[in-house]
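Undergrad: Sequence first, then the predicted structure:
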Amino acid sequence: KAGVTQTPRYLIKTRGQQVTLSCSPISGHRSVSWYQQTPGQGLQFLFEYFSETQRNKGNFPGRFSGRQFSNSRSEMNVSTLELGDSALYLCASSFLFGLAGEDEQFFGPGTRLTVL
Amino acid sequence: QKEVEQNSGPLSVPEGAIASLNCTYSDQGSQSFFWYRQYSGKSPELIMFIYSNGDKEDGRFTAQLNKASQYVSLLIRDSQPSDSATYLCAVRRDDKIIFGKGTRLHILP
């Protein structure tokens, strides 16, 4: 079974631009979560989608948004990029995360975003 | 108070010894507790999770949970150089999961 895939793997943008990152979960998984990882703040939860609905959102500004498609693939968008948005963006997929005791999440390789 | 706290390390342990990693959390309603391993430049991978008080063993790894003390630990027996990584503790309540910043573990050959 193929793992979680993320595209692109590396991205360089300038301040003020916007960016869209993509995540394809493991086949059959319906939950996709997005995280931002930086050396200073560690791994921080952005949002989670389940069956095309955003179930939960972390404490990030509205510049960070996402969506999930009917095939469970997910995208996240960051508008008006700031230098502080430079980070590794990880997505994780799960079959039924947080429901019926299902807890296992599988992480993708991440997208390394650099904002200049 | 931070929601999930871990000592950042580095924790240096001789090869073959037991490595003990600790994590405390603030939300008493937390339901599930996780340990992830993350090698430098790689994404986190789940080692194990635990729901109930007590110990849970999987190979060389043992997770210990004490909900009264809001404390979860990971023991790694017979530590190997390949265990050198950052270990992330995570805590879930409902559909929200919070990660600690991780402990860097270094196994000395």
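TA: Okay, I see it.
Undergrad: Give me the number of neighbouring residues for residue 44.
TA: By default, I'm working from chain A. Residues near A:Gln44, counting by other CB atoms under 10 Å in any protein chain shown, number 17. Just so you know, the C-beta spots here come from the backbone N, C-alpha and C atoms, and that holds for glycine as well.
Undergrad: wait, I meant chain B there
TA: Per other CB under 10 Å, the neighbour tally for B:Pro44 reads 27.
Undergrad: same deal with B:Ser12?
TA: The local packing of B:Ser12 (other CB under 10 Å) involves 12 other residues.
Undergrad: And B:Arg60, by the same measure?
TA: For B:Arg60, the neighbour count with other CB under 10 Å is 14.
Undergrad: isn't it right up against B:Leu74?
TA: No - if you go by CB atoms under 8 Å, B:Arg60 and B:Leu74 don't touch, sitting 10.6 Å apart.
Undergrad: anything in the helix or strand bottoming out on mean pLDDT in chain B sitting right up against chain A?
TA: Least confident element among the helices and strands of chain B, by mean pLDDT, DSSP states H and E: strand B:96-99 (a mean of 87). Yes - judged by CB under 8 Å from any CB of the partner chain, strand B:96-99 and chain A are in contact via B:Lys96, B:Ile97, B:Ile98, B:Phe99.
Undergrad: residues touching A:Arg15, list them.
TA: A:Leu81, A:Glu82, A:Leu83, A:Val115, A:Leu116 (CB atoms under 8 Å, 6 or more residues apart in numbering or on different chains).
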